[in-house]
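>>> give me a 3D structure for the following:
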Amino acid sequence: MAQKKKVDPVPVGMPTLVPYLTVPNAAQAIEFYKKSFGAEERGRMLAPDKKSVWHATLQIGNSLLFLADESVSMGGRSAKTLGGTPVALQLNVVDADATFTRATAAGAKVTMPLADMFWGDRYGHLTDPFGLTWAISTHIKDLTPEEMAEAAEAAADEWTASKKG
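Residues are numbered from 1 along each chain as shown. Modelled structure (predicted):
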């Protein structure tokens, strides 16, 4: 009897956690993510209609992203269909300003403008044309735990004061 080859439970080169996005038009989303975030398409499987994307794999930096076309009849609903999502995708980049510029030129909407944040990042939010929120971040300053606690307290005080006035 032939011995079966052992299969890796997590395929080589595959991270243990990969976001899987359901979008209204996966082909357009793939092009948007290429233009905005420098995504590279690693694979695409079309549905039998040869139009819908059943599964695609993109690589952005050292991370993977899976996506597929919305299929309400199969239980796959997009953020647009659901009216939003509580999930944001954190994208750490070399230049947040350049990424914001590329993404907005490609059709993303700014939902939280870029700013230098108390935790040491230049950070802001975009909503892509498919209803997904992207938190774009560039680390600009290292802080000790003590500096971080002090900065967080000052930011909380500033936020509380802004709500009163």
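>>> only C-alpha atoms from now on, for both contacts and neighbour counts.
Fine.
>>> longest helix in this protein, please.
Counting by DSSP state H, the longest helix found in the chain is helix 145-164.
>>> let me know how buried the residue lying closest to T16 once chain neighbours are set aside is, in neighbour terms.
Excluding the flanking residues, the one nearest T16 by Cα to Cα, 6 or more residues apart in numbering is V10, at 6.9 Å. Neighbours of V10 under the rule other Cα atoms under 10 Å: 9.
>>> L58 touches E41, doesn't it?
Yes - the pair L58 / E41 is scored as a contact, 4.5 Å apart, by Cα atoms under 8 Å.
>>> which of those two has more neighbours?
Using other Cα under 10 Å, the more surrounded residue of L58 and E41 is L58, with 20 against 17.
>>> who's that one bridged to?
Taking DSSP bridges as the rule, L58 bridges to E41, L65.
>>> related to what we said a few turns ago, any idea how far the residue nearest to T16 lies from H55?
18 Å (Cα to Cα, to the nearest Å).
>>> so who does D142 touch?
Applying Cα atoms under 8 Å, 6 or more residues apart in numbering to D142 gives the contacts G120.
>>> tell me the spacing between it and A149.
Going from D142 to A149 by Cα to Cα gives 13 Å.
>>> likewise P129?
For P129, the distance to A149 (Cα to Cα) stands at 36 Å.
>>> now R42
For R42, the distance to A149 equals 41 Å [Cα to Cα].
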